[in-house]
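J.: Curious how this folds, go ahead:
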Amino acid sequence: MTGERRPLISGNWKMNHNHFEAIQAVQKLSYLLSANDYDAVDVSVHPPFTDMRSVQTVLQSDEIPVALGAQDCHWEAAGAFTGEVAPAMLAKLDVSLVIVGHSERRQLFGETDEVVNKKVKAVLAAGMTPIMCCGETLEEREAGTTEARVAGQVRAGLAGVPPEQVASLVVAYEPIWAIGTGRVATPEDAQAVCLGIRQVVRDDSGNAAADSVRIQYGGSVKPVSAPDLMRQPDIDGALVGGASLDPEEFARIIAYRLVG
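T.: As a prediction, the model looks like this:
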């Protein structure tokens, strides 16, 4: 990891925690983190939509330097889209980061690369930063098509995004076979794919964008695996799922640099 790319550790709570539990989780996390942690890494939490106002209030009133993130949004600014949330609605809650194209959205809800691209552009247009996810299935990995699959997702997701905006966003590599399974890509395998992602950005958007874009690894990240993953030169953070629900585990991941 270069000195220019500040690590970003993001906690994706998925469909967990009601707003009371969310308040408790954020407050406990703040007690566990130190000024040294905030100086070394950026931290974000991505609660369910029903928790967001409560979490926003706690972060602001207690002056906790953790960014508020969302797990998804629609690409339209407004309209007859029952159950959806517009980017501008999130921005009004001081959301700064939005996860886009998570594999669960792709696999379970049929999101296509075209939809992901629309959402990336909508998040940027609302003044927020997308965390655009990509990753291969176990079948694709075993067939040796990981590189092509991930490169295709990155190219499609960033199509039409200007290089200066690509430079400011986040790409999360999350092999689908590692999400929620307890299986983690080896640091070397994760580094190889993240290097490939950076090369795609370099080819399509130039050196400046490639050198600045932050690339996270996601997929059963735990305190024990975080340090070796974060030592890799092209891994600039982690998108943490289940472990982020436990403030103690999440804090240990955030403090990865103190381990080993």
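
J.: which other residues reach stretch 135-148?
T.: Residues outside stretch 135-148 that contact it (Cβ atoms under 8 Å, 6 or more residues apart in numbering) are 103, 149-150, 153, 173-177, 179, 193, 196, 218-219. All C-beta atoms are positioned from the backbone trio N, CA, C, and that covers glycine.

J.: mind redoing it with 10 Å?
T.: Stretch 135-148 is contacted from outside by 101-103, 106-107, 149-150, 152-153, 172-179, 181, 183, 185, 189, 192-193, 196-197, 199-200, 217-219, using Cβ atoms under 10 Å, 6 or more residues apart in numbering.

J.: Pull the contacting residues for residue 120.
T.: 75, 98, 100-101, 130-132, 156-161, 165-166, 169.

J.: just checking, which of those residues belong to strands?
T.: Among those, the members found in strands (DSSP state E) are 98, 100, 130, 131, 132.

J.: Count the residues that sit near residue 138.
T.: The number of residues packed near residue 138 is 13, by other Cβ atoms under 10 Å.

J.: Report the separation between it and residue 72.
T.: In this structure, residue 138 and residue 72 are 24 Å apart, going by Cβ to Cβ, to the nearest Å.

J.: Of all pairs in the ones in strands among the contacts of residue 120, which one is the farthest apart?
T.: 98 and 132 (9.5 Å; Cβ to Cβ).

J.: Return every residue with contacts to both of those two.
T.: Residues touching both residue 98 and residue 132 (Cβ under 10 Å, 6+ apart) are 119, 120, 123, 170.

J.: ok, the second one to residue 152 distance?
T.: In this case it means residue 120. Distance, residue 120 to residue 152, by Cβ to Cβ: 15 Å.

J.: Please apply the same query to residue 130.
T.: Distance from residue 130 to residue 152, counting by Cβ to Cβ: 18 Å.
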